[in-house]
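Asks: my questions are about this predicted structure, shown below with the sequence.
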Amino acid sequence: MEVMERTKEMQEQTDAAAQKIFGRTLTEAHAKSICVDCATPVNEDSFKDEISKVEYGMSGFCQVCQDRVFAEPEPEDVSVNAPAA
């Protein structure tokens, strides 16, 4: 899968952040073909569409983690409970 090209400085910052958050760098995840978050192995067939493959190249998230991270939020209950008069 194609990995997003970054400047050296941008890759260093991205890797440093990923190391702190996930315990592995994005460079490592891509090199090992694993999810940066859950370490699940990934391949071309792991993704439901081309956009998801491109997203892996940018974020390093497998399909399950993409679905979790980018899920539509549940609607909030915005009803107002007025005090009884």
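Replies: Yep, that arrived.

Asks: point out where the chain drops to low pLDDT.
Replies: Within the chain, the stretches with pLDDT under 70 are 77-85.

Asks: look up how far residue 44 lies from the residue positioned nearest the centre of it.
Replies: Centrality entry for the chain: nearest residue to the mean C-alpha point is residue 61, 3.7 Å, by Cα atoms, centre = their mean. Distance of residue 61 to residue 44, computed by Cβ to Cβ, to the nearest Å: 15 Å. Where you see a C-beta, it was placed from the backbone N, CA and C, and this is true even at glycine.

Asks: residue 7 now?
Replies: Note on residue 7: its distance to residue 44, by Cβ to Cβ, is 27 Å.

Asks: go on, residue 34?
Replies: Separation of residue 34 from residue 44 (Cβ to Cβ): 14 Å.

Asks: looking at those two, which one has more neighbours?
Replies: Using other Cβ atoms under 10 Å, the more surrounded residue of residue 34 and residue 44 is residue 34, with 17 against 9.

Asks: apart from its neighbours in sequence, what residue is nearest the more buried one?
Replies: Spatial nearest neighbour of residue 34, excluding adjacent residues (Cβ to Cβ, 6 or more residues apart in numbering): residue 41 at 5.6 Å.

Asks: dihedrals phi and psi, that neighbour?
Replies: Per-residue torsions, residue 41: phi -60, psi 140 (degrees, to the nearest 10).

Asks: to what extent is it buried, counted in neighbours?
Replies: Residue 41 is flanked by 10 other residues according to other Cβ under 10 Å.

Asks: so it versus residue 29, what's the distance?
Replies: Relative to residue 29, residue 41 is positioned 11 Å away (Cβ to Cβ).

Asks: ok, residue 19 next?
Replies: Distance, residue 19 to residue 29, by Cβ to Cβ: 11 Å.

Asks: before we move on, back to that, helix, strand or coil for the residue nearest to the centre of the chain?
Replies: With DSSP: H, G, I helix; E, B strand; the rest coil as the basis, residue 61 sits in coil.
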